[in-house]
Structure formats: C-alpha cells, structure tokens
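**Student:** pasting the structure only:
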C-alpha cells in the first residue's frame, strides 16, 4: 500500500528572519511530476528526479532552496549556496551575459549529494550526458585569453590554460560560470550574473574567519555519500538529530538518511559531496575558487581551491593546475554591508559629507547642556566652504560662506577647525588663536586628550548633536584606523567630482558601475573625472569623496595645502612620547605616492569627516 506524507514547502525568507510555512501539500511517495497547482503559478519549474528508494519521498520547494541559510564569507558579505553542484551538458542552448546564445545547458544538481563521478571521463563537445568537474574559468567566455575556456576543455597542456588572469573579477568577471551563463535552477532559470564563485579569501573566511567557524562545519555522509557539511551562521539543529563539528570529524560522525537530511537542509545546511578529480580520484573533494595564483613573470597556469578528504581540510590554501577537473559550487549575495574596515573586526561608514558649523540655532550636547550653534553634514560629498573665492556652500540668504569669517556670531557655515574644538571645555569650533598653549590640554577630568580623542568629549561627534543625530552617534577616525583604511591602493585614489578635486575611498564590497572607469593610486586629479550623474552612481555603490579644500591660515588665507583632515589621534615623537602641541592629520595631493599622515600644530585649521561604527 502506498504511503503518504505531508510535504511542507521551503518558504522564502527575508534576509533577517524566516517566514511562516504555507499549508502542506499532500504528495505520493516517489512522485516525479510537478503537480498542476504548482505549474499554474510557475510553469518553468523542473521536476526532481525519481526518488532513490520507494520509502524516500520526492520533495518540492515552493521557493528557492538557497533562501534558507546565510553564510558569512567576509566581514561585509553573506551568501547563500546553490542547491547543488554545477553541471553541464551539450544538449540545448542558453543565453549568456553578453547577449550571445551558446550551445549546451547549465544546471544545478537536483540534490546536494549528487555528483557525476566516472562519467566525467566522457567529457567532450558533443557528450549529451551531464558533467560536473571543470577546469578553471571554463565558463565558455571567449574573452578569457586562453584556448581552454569551454566547459568541455580537458587539454593537458599547460599552455592552453596559462594567462595573465589571476581572478574572475573586473575585466575577467565573465570567466566565472555564474556571471556569464544562464543556469537552470530547481524551478526556473536564473539569469547570468545571479551566481558567482567564491574567492580564495571567502572560502578561508567561511572555514576560519566567521564567528565560531569551527563549530559550523564537519565531515559526514548524506544518503550514503561522503562529503563536507556546512552550517549557516544562524543554526538550529532539528529535533532528534545530532551534529559533530570541526576539522577532526570523520565521515561516520555525521550520517543522515535522505529523510534526515531534508530536515538539516530545511534549516539551511549545505553539503559538498566528495566528488573527486576528473581522471585521478574520487577520494577527494576539490572545489574551485575564483582566485588564480599570483603570476610569475606575466602569466600563471594554477589556481586556488578548497580541498578536503578524510584527513585534512585546506580552506583554499591548496593550489593546483587550472587544467584539472574540479567541482564548482556557486553562491549568490544575500546581504552586503557597504562599509570600510578599520581593524579589530570593526567596520564603519562615513558621514554623508564634511562636518559644518554655524553660530545660528542651538544643539544638545553629551553632558546634558544645550550649546549655541548648529552642526550638520555637508549636503553633498563634494561641498566645501573655502574662502572668499573658493568653495560652493551658501547660507540661507544666498550668501557665499567663508571660513575666514569664522567667529562666535558668524551665522554662515564653516568647515575647518582646530583640533578637538567640539565646544567642550571652552574649546569652541570658531577658535582662531595661534597660541598652541591654548590647545595643550593634558589630562582634563582624567581624560588623556594627548591620545585619541574619539573616546572623549573633545571629539566633535562624541559631544554634539549633528543634524537630528544625538551626541555620540558619530566619531572621528583614529590614525590607526586610517592606516587600515588606506592599505589598498586599488580602493583609493584622486578624482574630480562635479568639478571639485579630491580623494576617493572605495568600500570592500565595491562594484564599479557599468560604463565607468576607475584607476587607483598613484595618479592625478584628472584621471578619475566624474560628472554629477556619474558620481551619483559611484556614490550609490558606496564610494566616499573627500573634497580638496583651501586651508584656513590667518597668516596667509590663500595658502593651498591640498586636502587636510583631522584624525582623533594626538601626535607622538620618539619613544612614543606625546607631542602635546600637535595632532595627526591626513592630507593628499598629486605630489605624493599615497595619502599621507602628518604631525600638525593643533591650532591649524583642517576639515573633519566623521565615521559611524556599523559592526
């Protein structure tokens, strides 16, 4: 007698929480056809293959399997895994990202534990079966620069794979299988660009960098198939099941029937089967990364991979020839934090513009007082006050603002300040005194103001309400944090934005808008030039712009020392001895190889760009 089972749909969820399950659908054991009720709502759905055995139900999912579990692969990115390993056949045709139609069909394995095995030996341009072990960057994109770019490429000659490409990104992003090809998913076809291949650093972060990483993976068996089990960041073990984690686990430590695995999978678990290496062995799991090894000379023919077997786990610390056939497991981005790393696992976002002050109005302060004046951020990132001739900021009466007019009663806007002039302890933002002794504070109420002021009320953001943001919402970046921010020359550079010269910083999660160009340091202001519309697209992807401004100096108001911004750090000399009359500022110009730090008298007037911790 045929038995029945209520099969629940796997429901789509938001990026933060699970949705409530829908009403269950009654299906018979071994069903292989999609019910008419499902076809009506999504006619492109594909049926799962026949069940492995009579008592194993075929399970349909009303939504994407990849919507369930999220995995951190960097401090700013979470991804979901595809429902199975990538497969290709010469049958059919598919659309590619460049608008061309290519022969063959890409799909994901119908179940996470499925792999092709020895039939990969049949790889060829005309083989009508499925293959799932691929050479590196074999997306079928002809612009890869090598002759071995087809999914069926198997040439065992080093020269067919050697190229200057060391990563499936930027100009080479179409080398990535998921970025170039339409791929059939369980129920539908995903457009090119939906999926991508993890980089070496992302595989490493998944296994060693995310919180409690060692507790979120382990060896095991699913439906009798050995492989590696990955658990999402937020994991709840199904009732009645167990899981042992870590690099020392064995295949026998975690063994699940199909029925049990469906419960694990329903809570977001991912399984990477031990699918082997084409032509060599099936006792090893090797999964492609998007990262090629560094070039020796001008080209390279090897790439980094995730590799594991019964004795070791090499989290992308394994490199081998690009011509070998390895597994591919794609992911899609589900959460992206557009932020900047500043060390210690912390990430920040920058204020929307430079800090500005006017004597008009009042504002709340961290000590509970109400002080005269108003703080705000510039309306646009390229806005700066300047002096009589330079600048693009105007007051409410349409009068051009001028830093040279600073004073207790000046109701225009200023944006250059002496160090630590938050208004606390008499250090007002309009101070113009050239006597450095007025800025030697030492210890005030136990506060070490010769160090980093970001933890004191001398910090502009810590002490003041800015716009509608309460005191303490924002902080001044420290020198140590700025050193981390500027480690990559490719993510910073000089630019001209809407006619204003300055310096651009790009976040870790940076994607260059289509049709635009970018050149990192070193270069000049005229290399990266963006119109207002172009910059709005850059800004929407997280780019930050520090405008170059005229520096206010009473002795010479017209002196131009490029772009100058305070850090929260007091200056130190030999043996780290505090220099109580100076503080660290950053400055940039085309005459220096990189953005610079400098010990500057605290009486100097520089701009302030605040940060907010987001992680």
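**Tutor:** Arrived safely. Note that the structure is a prediction, hence the values are computed from the model and not measured.

**Student:** how's this structure carved up into domains?
**Tutor:** 1-63, 73-203+276-336, 346-607 (automatic domain parsing).

**Student:** For residue 263, find the nearest of those.
**Tutor:** domain 1-63 (10.7 Å; C-beta to C-beta). Just so you know, the C-beta spots here come from the backbone N, C-alpha and C atoms, and that holds for glycine as well.

**Student:** Report the mean per-residue pLDDT for the closest one.
**Tutor:** Here domain 1-63 scores 32 as its mean pLDDT.

**Student:** swap in stretch 597-605?
**Tutor:** Rounded mean pLDDT across stretch 597-605 is 86.

**Student:** Stretch 359-374 too?
**Tutor:** Mean predicted confidence for stretch 359-374 is 96.

**Student:** which outside residues touch it?
**Tutor:** For stretch 359-374, the surrounding residues in contact (C-beta atoms under 8 Å, 6 or more residues apart in numbering) are 357-358, 375, 407-411, 423-424, 429-430, 457, 462-466, 470-472.

**Student:** how about a cut-off of 7 Å?
**Tutor:** By C-beta atoms under 7 Å, 6 or more residues apart in numbering, the surrounding residues in contact with stretch 359-374 are 357-358, 375, 408-411, 423, 457, 462-465, 470-472.

**Student:** Widest-spaced pair of these?
**Tutor:** Across the contacts of stretch 359-374 (C-beta to C-beta), the longest gap, 27.9 Å, separates 409 and 472.

**Student:** the more surrounded of these two?
**Tutor:** Shown here are residue 409 and residue 472; by other C-beta atoms under 10 Å, residue 472 has more neighbours (14 against 8).

**Student:** I'd guess the more buried one is in a helix, am I close?
**Tutor:** No - using DSSP: H, G, I helix; E, B strand; the rest coil, the assignment for residue 472 is coil, not a helix.

**Student:** out of the domains of the chain, which comes closest to residue 256?
**Tutor:** Nearest of the domains of the chain (C-beta to C-beta): domain 73-203+276-336, 9.4 Å.

**Student:** just how off-centre is the closest one within its chain?
**Tutor:** 21 Å (C-alpha atoms, centre = their mean, to the nearest Å).

**Student:** Could you give the separation between the terminal residues of that domain?
**Tutor:** 11 Å (C-alpha to C-alpha, to the nearest Å).

**Student:** same thing with stretch 204-211?
**Tutor:** Criterion C-alpha to C-alpha; first-to-last residue distance in stretch 204-211 is 13 Å.

**Student:** Could you do stretch 235-247 as well?
**Tutor:** Start-to-end, stretch 235-247 (C-alpha to C-alpha) is 18 Å.

**Student:** May I see the buried residues of it?
**Tutor:** 235, 238, 243, 245 (16 or more other C-beta atoms under 10 Å).

**Student:** rewinding a little: can you tell me which of the domains of the chain is nearest to residue 262?
**Tutor:** domain 1-63 (5.8 Å).

**Student:** Now do the contacts for the spatially most central residue of the chain.
**Tutor:** Among the residues of the chain, the one closest to the centroid is residue 509, at 3.2 Å (C-alpha atoms, centre = their mean). Contacts here follow C-beta under 7 Å, 6+ apart; on that basis residue 509 touches 76-77, 336-338, 542.

**Student:** what's the closest of those residues to residue 484?
**Tutor:** residue 76 (13.9 Å).

**Student:** Touching stretch 167-177 from outside, list them.
**Tutor:** Residues beyond stretch 167-177 that count as contacts (C-beta under 7 Å, 6+ apart) turn out to be 86, 97, 137, 139, 141, 143-144, 165, 179-180, 196-197, 290-292, 328, 330.

**Student:** hmm, try it at 8 Å
**Tutor:** If you take C-beta under 8 Å, 6+ apart as the criterion, stretch 167-177 is touched by 86, 96-98, 106, 134, 137-139, 141, 143-144, 149, 151, 165, 179-180, 183, 195-197, 199, 290-292, 328, 330, 512.

**Student:** So which of these are in helices?
**Tutor:** Assignment to helices by DSSP state H places the following of the contacts of stretch 167-177 there: 179-180.
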